[in-house]
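Peer 1: from the sequence below, what's the structure:
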Amino acid sequence: MGTRFRQRPIRYPLLILSLLMIASIVGLIVWHPIIGTLYGVLVIATTFVSWKYEKNTYEETERHIAMLSYRLENVGEKALLEMPIGIILIDDETTIEWANPHIKKMMNGDELIGRDLSFISDELISLTAHEDLHEMNATVEDRQYRVLFKREEKLLYFFDITEQVEIEELYYEDRTVLAVLFIDNYDEITQGMDDQTRSQTNTLITSLVNKWGSYHDIYIKRISSDRFMAVMNESILSNLEKKKFAILDDIREITAQQNLSLTLSIGVGAGSPSLTELGELAQSSLDLVLGRGGDQVAIKQPDGKVKFYGGKTNPVEKRTRVRARVISHALRDLIQDSDQVFVMGHKMPDMDAIGSSIGVRKMADMNKVDGYVVIDFDQIDQSINRLMQVVKDKSDLYDRFLSPDQVLDKMTDKSLVVIVDTHKPSMTIDERIVNQASKVVVIDHHRRGEEFIDRPMLVYMEPYASSTAELITELLEYQPKNDKISMLEATALLAGIIVDTKSFTLRTGARTFEAASYLRTNGADTILVQRLLKEDLNTYLERAQIVKTAEFVHNGIVIAHGEKDQVYNSVLIAQTADILLTMKDISASFVVAPRSDGKIGISARSLGEINVQIIMEALGGGGHLTNAATQLQVDTIEEAIERLKKAIDETLEGSQES
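Peer 2: All right, here's what the predicted structure looks like:
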């Protein structure tokens, strides 16, 4: 290795210089012998000294380079064999050809030469198999290693990162988490109580919450009559998630024994080092929970991801006439400040979406503003088609139905877009309209999901209502009375209520009958409703074929499916799920069938014992506790059913754990 650095002396320049000097000396001797002789002696002495010095320098450099080469070779060998980094050399397959002593220590002295790489860790096989993969974390003998793979040299380097991983885990587990606890119906329950009973109720609630906090090492402070602030860390939060927030069940069951029927909602902010952001996330999570009906927990991260727990009970009706009046007046002001109003429901609209759209369009008329309903005539079922045939006879109303492209051409910066019966932009008839609108209002009766329309000016979401048509009917009562609602408009709204309540048998409250009474007073035709909702024989037979496939997957839970080579209407899928629910021993029904958009649709129904909303949300959908749906982008019905069964199993296991 030393010869690599050896520098040879420059001899040819010295030879030429010597010849020149000899020539000059000879010339001087010829010219002047004495001077020439003296000069020659001086030159010879100087040359000898220079040569001697160069020789010594050269030899010293040679010795230094040789010593340095030896030391480098020695250090390199020791570093390879003794440094605390595992090194393995493999062949073209995954057989170990050589390993340094440190990797053997990692494996407790086991002989590695000739063994397959999987002997150390199965994870390493994927590292060598994927061309674009150069490093990964792997577990070897209960320790964590960062493994680097040099593909050309077939070398693997193992760096022990166990302590680093442990420190990171401790850091993340110790991060602060903020939560806001809200007693959902505290004001409604306690407003009629005397002071002593109210005090006993407060003591009971405070005792339950503080006991729960003390058990889990959570700091809890009551900040108002119906709110608590909780401070914990990520480790405690993880433990609460494993137990599915059992405090929800405790509050519900213990207060029910006292005939109080109180429920708890919790909004949690996690995943941020900023206390300000954590507080905002906690409040945002609580708003989300309350928008879904309460009796739930929402955990929100800074990246927008949300996890839900609870929601096992039907929401108790808590909305008031005062709120309906306030919302109606706010909507009136927004309509009057707009040049046009465009109303849009969800894709494949049902009678509730169309009836609600017609109702909001009527509000625009009452406020002397042009109103239009957005509709895609290629995406309507038979009942909506029958309604449109009836509407067509009234040209003044039929002209108010526009296609999405027509709406996009007519919209201005002052136009108001009202979204009904959905709050998800991806579910609207045309998302471009939502994106182009500068003023948006959302009116819906579904529980709020993660996806939500961005920055709406007004939101009226009441999961306690039977239908959006019911909400719109109440809002109509507080609009200007200069333009009375027509028979056809009242009939469309009533049809929406009847469809969503299954003829007043599901999710029906006192307010539902009040809304129906108002519509009937204004001329709603129940006979016309029956005509609109009639079905033909082929539809009935299609449903019967699906019902034949029903099978029990759990006690009280059935799954039915359509044919893989047939396309089904989403309304037919939902109706089949409703029919299954009317049969003996069935408490929850799921119908899986192909849709016209190429997706596999799932419609879910229950009698309240099983929360089908949580099951559908696990598959990317949503809805109510007793009425939900989703669409899956999968290749086969069998794959959709397998994913559905897995979601059902996980939900039922979670319910049992809690």
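
Peer 1: so what's Q283 up against?
Peer 2: By C-beta atoms under 8 Å, 6 or more residues apart in numbering, the contact list for Q283 reads 180, 267, 269. In short, each C-beta sits where N, CA and C put it, glycine included.

Peer 1: give me phi/psi at the residue lying closest to L506 once chain neighbours are set aside?
Peer 2: Among residues not flanking L506 along the chain, T626 sits closest, at 6.5 Å (C-beta to C-beta, 6 or more residues apart in numbering). For T626, the backbone dihedrals (degrees, to the nearest 10) come out as phi -110, psi 0.

Peer 1: verify the stated contact: T626 with I614.
Peer 2: No. Using C-beta atoms under 8 Å as the test, T626 is too far from I614 to be in contact (11.8 Å).

Peer 1: model confidence over the one helix or strand V343 maps to, on average?
Peer 2: Per DSSP states H and E: V343 is located in strand 340-344. The predicted model gives strand 340-344 an average pLDDT of 95.

Peer 1: use 41 as the first number from now on
Peer 2: Got it, first residue is 41 now, which makes that one strand 380-384.

Peer 1: elements contacting the helix or strand that comes right after it?
Peer 2: Downstream of strand 380-384, the next assigned helix or strand under DSSP H and E is helix 391-406. Contacts defined by 3 or more C-beta pairs under 8 Å, 6 or more residues apart in numbering; DSSP states H and E place helix 391-406 against helix 361-376, strand 380-384, strand 410-414, helix 422-432, strand 456-460, helix 508-516, helix 527-541.

Peer 1: mind putting these in TSV, distance to Y185 and mean neighbour count included?
Peer 2: Output for the helices and strands packed on helix 391-406, formatted as TSV (distance: least, C-beta to C-beta, whole Å; neighbours: other C-beta atoms under 10 Å):
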stretch	distance to Y185	mean neighbour count
helix 361-376	59	16
strand 380-384	56	26
strand 410-414	58	22
helix 422-432	62	17
strand 456-460	53	29
helix 508-516	57	28
helix 527-541	58	25
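
Peer 1: dump these into JSON lines; add distance to Y98 as well.
Peer 2: Converted to JSON lines, the helices and strands packed on helix 391-406 look like this (distance: least, C-beta to C-beta, whole Å):
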{"stretch": "helix 361-376", "distance to Y98": "95"}
{"stretch": "strand 380-384", "distance to Y98": "92"}
{"stretch": "strand 410-414", "distance to Y98": "94"}
{"stretch": "helix 422-432", "distance to Y98": "101"}
{"stretch": "strand 456-460", "distance to Y98": "90"}
{"stretch": "helix 508-516", "distance to Y98": "98"}
{"stretch": "helix 527-541", "distance to Y98": "101"}
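
Peer 1: closest one to G154 among those?
Peer 2: Go through those one by one with C-beta to C-beta and the one that ends up closest to G154 is strand 456-460, at 67.9 Å.

Peer 1: and the strand holding V383 with helix 391-406, angle?
Peer 2: Here strand 380-384 runs at an angle of 170 degrees relative to helix 391-406 (axes from the mean of the first three to the mean of the last three C-alpha atoms, to 10 degrees).

Peer 1: can you list contacts of strand 380-384?
Peer 2: Applying C-beta under 8 Å, 6+ apart, the set of residues contacting strand 380-384 from outside is 375, 396-397, 400-401, 403-404, 409-414, 442, 447, 450-452, 454-460, 468-470, 473-474, 477.

Peer 1: mind listing what it pairs with, with the direction of each?
Peer 2: Looking at strand 380-384 with DSSP bridges, its paired strands and their directions are strand 410-414 (parallel), strand 456-460 (parallel).

Peer 1: strand partners (parallel or antiparallel) of the helix or strand containing V631?
Peer 2: Secondary structure assignment for V631, by DSSP H and E: strand 628-634. Strand partners for strand 628-634, identified by DSSP bridges, are recorded as strand 597-601 (parallel), strand 640-646 (antiparallel).

Peer 1: dump that strand to PDB, restricted to CA.
Peer 2: This file holds the C-alpha atoms of strand 628-634, laid out as PDB (Å, rounded to 0.1, in the frame of the first residue of the first chain):
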ATOM      1  CA  ALA A 628     -79.800  -5.200  11.600                       C
ATOM      2  CA  SER A 629     -79.700  -5.700   7.800                       C
ATOM      3  CA  PHE A 630     -77.100  -5.000   5.100                       C
ATOM      4  CA  VAL A 631     -77.700  -5.200   1.400                       C
ATOM      5  CA  VAL A 632     -74.700  -5.300  -1.000                       C
ATOM      6  CA  ALA A 633     -75.100  -4.800  -4.700                       C
ATOM      7  CA  PRO A 634     -73.400  -3.300  -7.800                       C
END
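
Peer 1: still on that earlier bit, for the residue nearest to L546, the count of nearby residues, please.
Peer 2: When neighbours are counted by other C-beta atoms under 10 Å, T666 registers 20.

Peer 1: re the thing from before, the strands paired with strand 628-634: which one's closest to A286?
Peer 2: Closest to A286 of the strands paired with strand 628-634, according to C-beta to C-beta: strand 640-646, at 22.2 Å.

Peer 1: just checking, next helix/strand downstream of that closest one?
Peer 2: Beyond strand 640-646 on the C-terminal side, the first helix or strand identified by DSSP H and E is helix 652-658.

Peer 1: distance from the chain centre to the next helix or strand after that next one, please.
Peer 2: For helix 652-658, the following helix or strand on the C-terminal side (DSSP H and E) is strand 662-663. Here the centre of mass of C-alpha atoms in strand 662-663, compared against the chain's by C-alpha atoms, centre = their mean, to the nearest Å, lies 15 Å away.

Peer 1: for the stretch 141-290 of the chain, which segments count as strands?
Peer 2: With DSSP state E, counting those that start in this stretch applied, the stretch 141-290 of the chain shows strands at 175-180, 183-190, 195-200, 216-223, 259-264, 267-273, listed in chain order.

Peer 1: okay, the ones you listed in TSV with mean pLDDT and mean neighbour count next?
Peer 2: Conversion of those to TSV gives the following (pLDDT from 0 to 100; neighbours: other C-beta atoms under 10 Å):
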stretch	mean pLDDT	mean neighbour count
strand 175-180	86	15
strand 183-190	88	17
strand 195-200	88	19
strand 216-223	94	22
strand 259-264	93	13
strand 267-273	95	18
